[in-house]
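A.B. asks: fold the following, please.
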Amino acid sequence: MSIIKTFFIEPTERQRISVRRYRSTSESDTKPCPGPFKYHNAMVVVGESTERADIPLEAYANDPRWPVKCGCGYEFSALDKDDHWQVSQETIYRRTDTGDEMVLHEAPVGAIWNASWMSDLPYYCGPDGRTLICLMPGNHHWMIDGYASNCDSPCVNCSRPRHSCQCKHPNPYKDSRPHKCWVRSGSPECLTVGKGKPGESCGAGAGSILVPEWHGFLINGELRQC
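C.D. replies: Modelled structure (predicted):
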């Protein structure tokens, strides 16, 4: 049984600034990227900031550090409108156990963070008001406080289980038995997640986590594979 230790990361007051070139591709594109995301992309870190305001392209218009090619060798054009320019700002996070810093796309498997931008959606928040996300094997983001894909709690509108609810915007699924598919206990640094007492959870599963490349449980801060 493989075990992955989880850890909590918190946002700092600092932003990482990068200059980025990318090319969005489609099936008809004659220059697809062979990489996993199928589009050309390159980014260079140019500094940090404590400001969260958007930075205009003009601020780095003459910066020599703009990337000129994708990792696959594709060279970006200054004239092609599909070859985009972007100044990117990413929040820098810090591990609470080691102090190591990273941005979210650099976080390793086992990282847990609070998706604070979802705090105004109470049905995606846990008992402490946080929406915890865990990075799983295969780069899958598991929303611990969200709904399981096989949730069987019926919808107020159509009476179907959530996994087969046919309600559409502006009347999406509304839980007739408000619950948490996973009930968590402990601090974010040492979580145990499973099914709650009768009435606390839906009837789906036994509290395990299933992603395309992994199946197991989160117990005492450890992802334990079945």
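
A.B. asks: domains for this structure, by residue range?
C.D. replies: In terms of domains, the chain is parsed into 11-93, 109-225 (source: automatic domain parsing).

A.B. asks: give me the neighbour count for the residue nearest to Tyr22 when sequence neighbours are not counted.
C.D. replies: In this structure, Tyr22 finds its nearest non-sequential neighbour in Asn41, 4.4 Å apart by Cβ to Cβ, 6 or more residues apart in numbering. In this view, the C-beta of every residue, glycine as well, is placed from N, C-alpha and C. Using other Cβ atoms under 10 Å, Asn41 is surrounded by 19 other residues.

A.B. asks: over to Gly129?
C.D. replies: Around Gly129 there are 11 residues (other Cβ under 10 Å).

A.B. asks: among the domains of the chain, which is the most enclosed?
C.D. replies: domain 109-225 (a mean of 16; mean count of other Cβ atoms under 10 Å).

A.B. asks: distance from that domain to the middle of the chain?
C.D. replies: 14 Å (Cα atoms, centre = their mean, to the nearest Å).

A.B. asks: quick one, strands of this structure?
C.D. replies: 3-5, 7-23, 40-49, 83-95, 101-102, 111-114, 132-136, 140-143, 183-185, 192-194, 209-211, 214-219, 222-225 (DSSP state E).

A.B. asks: a markdown table please, covering those and showing distance to Ala61 and mean pLDDT.
C.D. replies: Putting the strands of the chain into a markdown table (distance: least, Cβ to Cβ, whole Å; pLDDT from 0 to 100) gives the following:
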| stretch | distance to Ala61 | mean pLDDT |
| --- | --- | --- |
| strand 3-5 | 44 | 97 |
| strand 7-23 | 10 | 96 |
| strand 40-49 | 13 | 95 |
| strand 83-95 | 9 | 96 |
| strand 101-102 | 29 | 98 |
| strand 111-114 | 34 | 98 |
| strand 132-136 | 35 | 97 |
| strand 140-143 | 35 | 96 |
| strand 183-185 | 47 | 95 |
| strand 192-194 | 48 | 96 |
| strand 209-211 | 42 | 94 |
| strand 214-219 | 44 | 96 |
| strand 222-225 | 45 | 97 |
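
A.B. asks: nearest to Gly73, out of the ones you listed?
C.D. replies: strand 40-49 (9.5 Å; Cβ to Cβ).

A.B. asks: gap between the nearest residue to Glu13 once chain neighbours are set aside and Trp182?
C.D. replies: Leaving aside its sequence neighbours, Glu13 sits nearest to Thr50 (Cβ to Cβ, 6+ apart; 5.6 Å). To Trp182, Thr50 is 36 Å away according to Cβ to Cβ, to the nearest Å.

A.B. asks: and Met102, by the same measure?
C.D. replies: 25 Å.

A.B. asks: contacts only, for the residue nearest to the spatial centre of the chain.
C.D. replies: Nearest to the geometric centre of the chain sits His141, at 4.7 Å (Cα atoms, centre = their mean). Counting by Cβ atoms under 8 Å, 6 or more residues apart in numbering, His141 touches 133-135.

A.B. asks: partners of it in the sheet?
C.D. replies: His141 forms beta bridges with Leu135, as assigned by DSSP bridges.

A.B. asks: now it: how far from Leu135?
C.D. replies: Taken as Cβ to Cβ, the span from His141 to Leu135 is 6 Å.

A.B. asks: same question for Ala111.
C.D. replies: From Ala111 to Leu135 the distance is 5 Å (Cβ to Cβ).

A.B. asks: can you check Asp80 too?
C.D. replies: Taken as Cβ to Cβ, the span from Asp80 to Leu135 is 34 Å.
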